[in-house]
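**Student:** Below: sequence and its predicted model.
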Amino acid sequence: MATFFFDIGGTLADGSLEADGSWLLRPRPRVTQVMDAFAGVPMGVISDPGTEPGAAARVREALHQAFPGRFPDDRLVHFGPKTGRAIFDDAVRSSGGAADDCVFVGEDHDERAFARTAGLRVAPHPVFTRAAVENRPVFWTRIDVPQGQVLGVLESVVNGTEAVPVHVASPRLVLAMATAVGVDALHRAGFTADVRGQVEDTAAFLVRDDRPVPVPEVFAAAGDGARAPAAAEGAMRAAAAFCFASGELTGYPGRLSSLGPAPGGVYVAASAGVPVEEVHAPGARPGHTERLLPDPALLSRPGETRAAHLTAAPPAGFDETGDGLPSPETLAAVRATVTPEALRAHVARISGVEPLVPGEPLKVRSRDAAHADNARVVDALVRHFEDLGLVVRRHSFMWRGHRLFNVEAEHRVEGADSAVLITGHLDSTAESGDFTGADGLPRPYDPAVDPAPGADDDGSGTAAVMAAAECLHALVEEGRSPTRHVRFVLFNAEEQALVGSKRYARAAAAADDRIAGVFQLDMIAGLQDGSPPTVEIHAGSSVPGPVVAASDTLGDLVARTVPAVASGLAVQRLTGPTDPALGRSDHASFHERGWAAIAVSENLFGVGDGPGTGTRQYHTPGDTLLDVDHDPRYAATIAGSVTATALTFAGL
């Protein structure tokens, strides 16, 4: 008889470390149905609970609470690092059978590779557990939705067969994992499924290429309207992106394979150990690589109902008959708390200019996801939010053997119907910097040791979120209260292809979270000397449906608020399919689920045909508080505008 071993985080359940120190696990979609189908089959766990004292015991307790009676044999529950085959060998021995009789079910492709070296069969998602038992492969599959069909119909077909979507490119194209059984079901339902290779120990990414692509005149002159040149440009851009990425990764033992054109670039499948996140084409703009996560609920977009309501009714907290601006009391609180001095102090601590904790010696060297200081910064952020009386959770996920946390701090309101999110990303990188070895020769960036202060990217956004929390605290101390929950969220591993916000939004959708809107702050302090101060408000989304208009509504609210906070700041509204930040910051992870979301930034992408006037130290060790382009006063204007808008939207 086979024995199944499941990874917990992201595969079996979404995990969070609660305010009281306990773990909470919420089962992922379709997991319990798979377990029901294999009732009586021995089931175990191979998971890494982290190194915190008592973590294994707390995770074990949460496991039995989330899955009562599913894992009765503690001998089959294995906790520890999955950075080699040792823990998988231990699991095989505990099963009492052969390695080939054991199946490891895990989302992480690096972990599946280790399991395979230990002789286990593997499945990239619980939906494919039976396929692993029967030695049937899982394929990367492009699903074409024909005219007359809708994504809702596709969802019903996918959820009834061996298929799991990983990305919705448009109403006409979805990238998925599927077995031959799943492909056959799709064909019988009228969908075209183009198989592109086996999943095995690979993960999918969307790699965008921002370089110009000239379209031959023969396509421009072709019939079929704009479709032929658009298709030609897409194919050429995909080819250019894949050739560049594969060339940059030639020295790695794994492989990179093309899964075909994607919005703005190419879909690729990367073998275990191949760092696609480190590939940067010349002229690459922020957020050009996106990690794609399997999710049976991806097609449902639970945020659409609330997004539709936002565009149909006046936003809560704004006076539809007045000027639609925040109240004088809210503006006064913002001016008192979201100040250049407050932002500078926060950035100084998290970027290494000042000690991370006042009175202690440690200064942060880097917030890179692979650096030890990342966890120290998380701890400091948690303490700060707790001191403000907020309910704090750490949302856990694994990335390349590192346990990382998104930080969520919430002010809850009794009877509230939804939450307003003010967000940024807490991690940093210096992967575009120049580094030399002891021999004086150039060497690659080493994220575990090299400095990555990230004062602007995104220390400025992180500081803004912290100041916004302080502003809410001050308002509550005055006796005021919002009508919606207000949630301050700092995502980890944004620089690793948006993986932190992807995990957070996926878990929120699975939990049927009610999110009214998301205000993301990503790089707000970069202003080159002599440049006109400009704020970019990005609302563009490739996701169809009401999310487009709803995100535009949030952008309109911020644009109206800016002059009420400070004069002299130009507002650049960027929306629709031509928004250069489309899909490129953490707000896009919420668009993917149908929620209204915007990203607000410095002049990153340029106004009109002009170049951007933001920091020139993007992704280098020079992105410090002392950089000539770092302007806390400018950052405070942007942060204050977003804070005033978001808190008003929350009912203050």
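**Tutor:** Received the coordinates, thanks.

**Student:** Quickly list the domain ranges of the protein.
**Tutor:** Structural domains annotated on the chain: 3-129, 139-292, 307-649, as defined by automatic domain parsing.

**Student:** okay, those domains in JSON lines with distance to Leu298, mean neighbour count and mean pLDDT next?
**Tutor:** The C-beta positions use only the backbone N, C-alpha and C, and glycine is treated the same way. Output for the domains of the chain, formatted as JSON lines (distance: least, Cβ to Cβ, whole Å; neighbours: other Cβ atoms under 10 Å; pLDDT from 0 to 100):
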{"stretch": "domain 3-129", "distance to Leu298": "9", "mean neighbour count": "19", "mean pLDDT": "96"}
{"stretch": "domain 139-292", "distance to Leu298": "4", "mean neighbour count": "18", "mean pLDDT": "90"}
{"stretch": "domain 307-649", "distance to Leu298": "7", "mean neighbour count": "21", "mean pLDDT": "94"}
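
**Student:** In a markdown table, list these along with distance to Leu299.
**Tutor:** Shown next, in a markdown table, are these (distance: least, Cβ to Cβ, whole Å):
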| stretch | distance to Leu299 |
| --- | --- |
| domain 3-129 | 11 |
| domain 139-292 | 4 |
| domain 307-649 | 10 |
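
**Student:** how far is stretch 173-187 from where the chain is centred?
**Tutor:** Distance of stretch 173-187 from the chain centroid (Cα atoms, centre = their mean, to the nearest Å) equals 25 Å.

**Student:** what's the first-to-last distance across that stretch?
**Tutor:** Taking Cα to Cα, to the nearest Å as the measure, stretch 173-187 stretches 15 Å from start to finish.

**Student:** need the contact list for the residue most central in space within the chain.
**Tutor:** Residue closest to the average C-alpha location in the chain (Cα atoms, centre = their mean): Ser501, at 2.5 Å. Neighbouring residues of Ser501 by Cβ atoms under 8 Å, 6 or more residues apart in numbering: Asn406, Thr423, His425, Phe491, Glu494, Asp586, Ala588, Ser589, Phe590.

**Student:** Check Val215 too.
**Tutor:** Residues in contact with Val215, defined by Cβ under 8 Å, 6+ apart, are Pro229, Ala232, Glu233, Met236.

**Student:** Restricted to helices, list these.
**Tutor:** Pro229, Ala232, Glu233, Met236 (DSSP state H).

**Student:** how much space between Val499 and His587?
**Tutor:** Relative to His587, Val499 is positioned 15 Å away (Cβ to Cβ, to the nearest Å).

**Student:** Please verify my assumption that Ser641 contacts Val562.
**Tutor:** Yes. Using Cβ atoms under 8 Å, Ser641 is in contact with Val562, at 4.6 Å.

**Student:** Leu604 in helix, strand or coil?
**Tutor:** Following DSSP: H, G, I helix; E, B strand; the rest coil, we place Leu604 in the coil state.

**Student:** Distance-wise, check it relative to Gly614.
**Tutor:** In this view, Leu604 and Gly614 are 5 Å apart by Cβ to Cβ.

**Student:** Overlap of the contact sets of those two?
**Tutor:** With Cβ under 8 Å, 6+ apart as the test, Leu604 and Gly614 both reach Met523, Gly526.

**Student:** Would you mind measuring the gap between the ends of stretch 195-202?
**Tutor:** Counting by Cα to Cα, you get 15 Å between the two ends of stretch 195-202.

**Student:** actually stretch 132-145, not the one I typed
**Tutor:** Using Cα to Cα, the end-to-end distance of stretch 132-145 comes to 28 Å.

**Student:** again with stretch 313-325
**Tutor:** Terminal residues of stretch 313-325 lie 16 Å apart, using Cα to Cα.

**Student:** Find residues that contact each of Ser641 and Val562.
**Tutor:** Going by Cβ under 8 Å, 6+ apart, residues that sit against Ser641 and also against Val562 are Val535, Leu569.

**Student:** Just to be sure, which of the contacts of Ser501 are found in helices?
**Tutor:** Among those, the residues falling in helices (DSSP H) are Ala588, Ser589, Phe590.

**Student:** Closest to Arg60 out of those?
**Tutor:** Ser589 (30.1 Å; Cβ to Cβ).

**Student:** Could you double-check that that closest one sits in contact with Ala508?
**Tutor:** No. At 9.4 Å, Ser589 and Ala508 do not qualify as touching, with contact defined as Cβ under 8 Å.

**Student:** follow-up on the earlier one: got a markdown table for the ones in helices among the contacts of Ser501, with distance to Phe244 too?
**Tutor:** What follows is these, written out as a markdown table (distance: Cβ to Cβ, whole Å):
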| residue | distance to Phe244 |
| --- | --- |
| Ala588 | 22 |
| Ser589 | 25 |
| Phe590 | 29 |
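
**Student:** quick one: which of the residues you listed is nearest to Arg349?
**Tutor:** If you rank these by distance to Arg349 using Cβ to Cβ, Ser589 comes first, at 26.9 Å.

**Student:** if I look at the closest one, how far off is His395?
**Tutor:** According to Cβ to Cβ, Ser589 and His395 sit 13 Å apart.

**Student:** Now for those two: what residues contact both?
**Tutor:** Taking Cβ under 8 Å, 6+ apart as the contact rule, Ser589 and His395 both touch Tyr504.

**Student:** and Val153, what does it touch?
**Tutor:** Per Cβ under 8 Å, 6+ apart, neighbours of Val153: Ala189.

**Student:** so it sits in a helix?
**Tutor:** Yes. Remark: Val153 belongs to a helix, assigned using three-state DSSP.

**Student:** between the ones in helices among the contacts of Ser501, which is nearest Arg291?
**Tutor:** Closest to Arg291, out of all of these and judged by Cβ to Cβ, is Ser589, at 10.2 Å.

**Student:** list the contacts for that closest one?
**Tutor:** Leu498, Ser501, Lys502, Tyr504, Ala505, Arg506.

**Student:** Closest one to Thr578 out of the residues you listed, please.
**Tutor:** Taking Cβ to Cβ as the measure, Thr578 lies nearest Leu498 of these, at 20.4 Å.

**Student:** roughly how far apart are that closest one and Ala185?
**Tutor:** 31 Å.

**Student:** now swap in Thr423 and tell me
**Tutor:** According to Cβ to Cβ, Thr423 and Ala185 sit 38 Å apart.

**Student:** And for Asp529?
**Tutor:** Distance from Asp529 to Ala185, by Cβ to Cβ: 60 Å.

**Student:** same thing with Gly9?
**Tutor:** From Gly9 across to Ala185, the span is 29 Å (Cβ to Cβ).

**Student:** same thing with Gly594?
**Tutor:** The gap separating Gly594 from Ala185 is 25 Å, by Cβ to Cβ.

**Student:** what does Val486 give?
**Tutor:** Taking Cβ to Cβ as the measure, Val486 falls 44 Å from Ala185.
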